[in-house]
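Asks: return atomic coordinates for the entry below.
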Amino acid sequence: MKAIAIGADISINDVSTSKSLVKNVENDLYRLKDIGAKHASVTNVTGDDLVVGAFVEDKLVERVNQEIISILEDSAENTGDLEGISKDPGDAGEGVSYAEANIDQDKYPDALILAFDTYAGESFVGNVANSSLSAAIGMDGVTDTSKMIDDSIKKIPGVGYVSNETDDPVIIATVEDVESVGIIGSAMIGAALGNKNVYLVERGTPANVIPGSVIFSATAFMNGNVIDLAVPFQQRTRILKQ
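Replies: As a prediction, the model looks like this:
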């Protein structure tokens, strides 16, 4: 089984994602369950990007990916990142972001999903995402992580190709037990924040930062439920004063 996530800018503007757009996508997610996805949700909403995450059997990955793209197309306010998808790698453009990671079949399906948004395609965003992946790799309780972000053309199973201009990455770490979620999530969030001009935001926050910055949201996708980790992380990192 795998945890998969597809992130896309299909918003009518470059800064935020409307509640109505998110709702329209959510209303169509039953289509993923109808074809066999165990769970599906809009996991992250970051600036003008949203992420659809799902837990699926390996044999259904391509079919579920195709249906996610179809749902995004049906709800899109702006075709945006959908236009960059191509069946021919030579014709691929800036497109949707994709991540997948293996799940331990004997455990409840739990995953951590981080989604990054840039206003002007800031080139260091891949390094920020990779910092988070590096923090998770090898930690106790981590089953698997998605691939490192690089400058190659990406093949999305069942969908097609997107070019190296794709600039708002999504990453996944799958988790073996619920008590590891906080430890692994905190490590991934902390690693991202250690980079310059990077800001953790709550799910649904517009990209109201000075251009040249990167924002990201972090969610725990646990047995189909979505928990915005920005809120408890903020509470836990408040400095207690005497």
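
Asks: with Gln66 as the reference, measure out to the residue lying closest to Ser11 once chain neighbours are set aside.
Replies: Spatial nearest neighbour of Ser11, chain neighbours left out: Asp48 (4.1 Å); criterion: C-beta to C-beta, 6 or more residues apart in numbering. Bear in mind the C-beta positions are built from the backbone N, C-alpha and C, glycine included. From Asp48 across to Gln66, the span is 23 Å (C-beta to C-beta, to the nearest Å).

Asks: so for those two, which sits in the more crowded spot?
Replies: Higher neighbour count among Asp48 and Gln66: Asp48, with 26 against 16, using other C-beta atoms under 10 Å.

Asks: what's the burial count for Asp140?
Replies: The burial count for Asp140: 9, using other C-beta under 10 Å.

Asks: ignore what I typed, I meant Glu179.
Replies: Other residues close to Glu179 by other C-beta under 10 Å number 9.

Asks: so what's Val209 up against?
Replies: Residues in contact with Val209, defined by C-beta atoms under 8 Å, 6 or more residues apart in numbering, are 119, 199, 215.

Asks: model confidence for it, exactly?
Replies: If you check Val209, the pLDDT there is 86.

Asks: for Val159, see how far away it is.
Replies: Val209 is 30 Å from Val159, by C-beta to C-beta.

Asks: also Phe116?
Replies: For Phe116, the distance to Val159 - C-beta to C-beta - is 20 Å.

Asks: of these two, which one has the most company?
Replies: Phe116 (28 against 20).

Asks: what pairs with the helix or strand harbouring that one, and is each one parallel or antiparallel?
Replies: For Phe116, the host element (DSSP states H and E) is strand 110-118. According to DSSP bridges, strand 110-118 forms sheet pairs with strand 170-175 (antiparallel), strand 214-222 (antiparallel).
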